[in-house]
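K.L.:
quick one, structure for this:
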Amino acid sequence: MATILRSKSFQRNLLLSIGGVFLLFAVCFSFYQYQREKEYKIDILHSRLQMYNYEMVQTLGEDSLTNSQLFRDYVARHPMEGLRVSVIDLKGRVVLDSYDTNVDSLGNHLQRAEIQQALRVGNGYDIKRMSQSTHETYFYSATRFGNVIIRAAVPYSAELTRSLQADNTYIYFAGVLTLLLGIVLYYITHRISRHIGYLREFAVKAEEGEELDHELERHLPHDELGDISHTIIMLYWKLRHSEEDKLRIKRQLTQNAAHELKTPSASILWYLESILDNPDMPEDKKKHFLERCYAQSERMSKLLLDMSALTKLDELDDHKAMARQTFHQVDVLQVIQNVLDDTSPQLKERGITPSFQVPRHVEVVGDQSMIYSIFRNLVDNVIAYATGASRLEIRCCEVETEGRHFYEFTVSDDGPGVEEQHLEHLFERFYRIDKGRSRKLGGTGLGLAIVKNAVAAHDGSTTALTTPGGGLTIKFTLSRF
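P.N.:
Residues are numbered from 1 along each chain as shown. Model prediction:
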């Protein structure tokens, strides 16, 4: 109910804000149009009276404008209802007037608005001013010709008032159009409000931990709002699945760690109990048991070290920006040579001949110990699992992806390889192709997981491929800069 009320409130506010702006625009436009049309009609009347003044001048001539007889004859021959014509000199004195022959009683017209305009620009008019002589309201239009001004005036009657008023038809049209646009605006705001309401309902359910489904997506519009809503929902599901995956991985890691630690600890306990329960045990057998205890404790220690390394990499992933402040230039070729030197005895024992094709001065910005760990775990993986392999190859080339430069490394062997369905799982923690593989061969099941996380810490990616001709190839990238 609260969501519905908020949705209606949003729609009302949106409708009022947009509708108010539109209504204000419509009122301002109507007022402007009314004034403009009124001025247009006044200009028409002013032009008609101006035309009368010009025709008088053309007919009588400027020299005869002050001739009383000719002036009155012309006005009598060209009558207009209520028309009053005056001839005024440049000092404002009335020389002739068609209404009143006693021009001396008419007073000085110099300060009249239409006379001032005529003196300045050649013509002018004044609307709805009462005549002091007739006490009627007139519309005046004055035109200057040389040393005189001809002023024509018509009574400001009810009919003239109606003719000068703007046509209100467009106001009715604007009102109908505003109503129609208001209906359309209501529909649009209602539609937007409804979709925002769906999205809000989804957000409220997500916040309160209620059961969610994908029903909302069927209500989303096929426009920008729908795209944004869909993106938000997808980000939510990805985040939720990511959190669920993290919890699952943590639980799985705890279970696998407990399982991996249980075997060596149980073995150590059994061997020690056997020695303690049999004080007369032959020395050679006792020595064998102690050697087994040492091997199992060494394996357990390596497992704990690998788990500690993964924990540090997880912490590094959460604070990448801070961790990268400690990164520096690392000579990768030197790191590879150090790894091969350190593992040389094991490689000889397995009959594996290492080779590498890495250009000189291959340098990346990173953590030297992590980069050493990457190559060391990959070489150890070959030693432990590439049964029957005779060669180990490390190659490097430069690649460009989305404008960024990377070094791409491949570590390949010619061992038995891995079946296709296992390749994508090789970098998972404690993943084993067969259940006893790690324990039989002494691995912890964390080496390739460490490789993947360490590469990711350097903005790189890791993939596992089948080596052409047989064997396993691990391909990874390290950012050049």
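
K.L.:
which strands or helices does the lengthiest helix in the chain pack on?
P.N.:
Longest helix in the chain by number of residues (criterion: DSSP state H): helix 2-60. Secondary-structure packing of helix 2-60 (3 or more C-beta pairs under 8 Å, 6 or more residues apart in numbering; DSSP states H and E): helix 68-77, strand 123-130, strand 137-145, strand 148-155, helix 158-164, helix 169-208. The way it works is simple: take the backbone N, C-alpha and C, and place the C-beta from them, glycine included.

K.L.:
which of those has the lowest average pLDDT?
P.N.:
If the helices and strands packed on helix 2-60 are sorted by mean pLDDT, helix 158-164 sits at the bottom with a mean of 52.

K.L.:
quick check: angle from the longest helix of the chain to strand 137-145?
P.N.:
If you take axes from the mean of the first three to the mean of the last three C-alpha atoms, to 10 degrees, helix 2-60 sits at 50 degrees to strand 137-145.

K.L.:
tell me what angle helix 2-60 forms with strand 148-155.
P.N.:
Angular relation of helix 2-60 and strand 148-155 on a 0 to 180 degree scale: 130 degrees, by the same axes, to 10 degrees.

K.L.:
quick check: mean pLDDT across helix 2-60?
P.N.:
Mean predicted confidence for helix 2-60 is 73.

K.L.:
for the residue nearest to Tyr156 when sequence neighbours are not counted, name its beta-bridge partners.
P.N.:
Closest residue to Tyr156 apart from its sequence neighbours, by C-beta to C-beta, 6 or more residues apart in numbering: Thr137 at 4.1 Å. Note on Thr137: beta-bridge partners Met130, judged by DSSP bridges.

K.L.:
how near is Thr137 to Tyr40?
P.N.:
21 Å (C-beta to C-beta, to the nearest Å).

K.L.:
now Glu363
P.N.:
Distance from Glu363 to Tyr40, counting by C-beta to C-beta: 81 Å.

K.L.:
between those two, which has more neighbouring residues?
P.N.:
Glu363 (16 against 11; other C-beta atoms under 10 Å).

K.L.:
isn't Leu472 right up against Thr410?
P.N.:
No - with contact defined as C-beta atoms under 8 Å, Leu472 does not count as touching Thr410 (10.7 Å).

K.L.:
please identify which of the two sits among more neighbours.
P.N.:
Neighbours were counted for Leu472 and for Thr410 using other C-beta under 10 Å; Leu472 has more, 25 against 18.

K.L.:
separation between that one and Pro279?
P.N.:
The gap separating Leu472 from Pro279 is 49 Å, by C-beta to C-beta.

K.L.:
what does Leu45 give?
P.N.:
Per C-beta to C-beta, Leu45 is found 135 Å from Pro279.

K.L.:
over to Leu448?
P.N.:
In terms of C-beta to C-beta, Leu448 sits 45 Å off from Pro279.

K.L.:
you'd agree Leu290 is in a helix?
P.N.:
Yes - read with DSSP: H, G, I helix; E, B strand; the rest coil, Leu290 is one of the residues of a helix.

K.L.:
thought it was touching Ser274?
P.N.:
No - counting by C-beta under 8 Å, Ser274 is not a contact partner of Leu290; they are 10.6 Å apart.

K.L.:
sorry, back to before: which one's more surrounded, Leu448 and Pro279?
P.N.:
Set Leu448 next to Pro279 and count neighbours by other C-beta under 10 Å: Leu448 wins out with 21 against 7.

K.L.:
so that one makes contact with Asn381?
P.N.:
Yes - look at Leu448 against Asn381 with C-beta under 8 Å: they come within range, at 6.4 Å.

K.L.:
what is in contact with these two at once?
P.N.:
Taking C-beta atoms under 8 Å, 6 or more residues apart in numbering as the contact rule, Leu448 and Asn381 both touch Ile474.

K.L.:
which ones are touching Gly92?
P.N.:
Contacts of Gly92 by C-beta under 8 Å, 6+ apart are Asn108, His109, Leu110, Gln111, Arg112, Ile115.

K.L.:
if you set the cut-off to 10 Å instead, what comes out?
P.N.:
Gly107, Asn108, His109, Leu110, Gln111, Arg112, Ile115, Gln116, Leu119, Ile149 (C-beta atoms under 10 Å, 6 or more residues apart in numbering).
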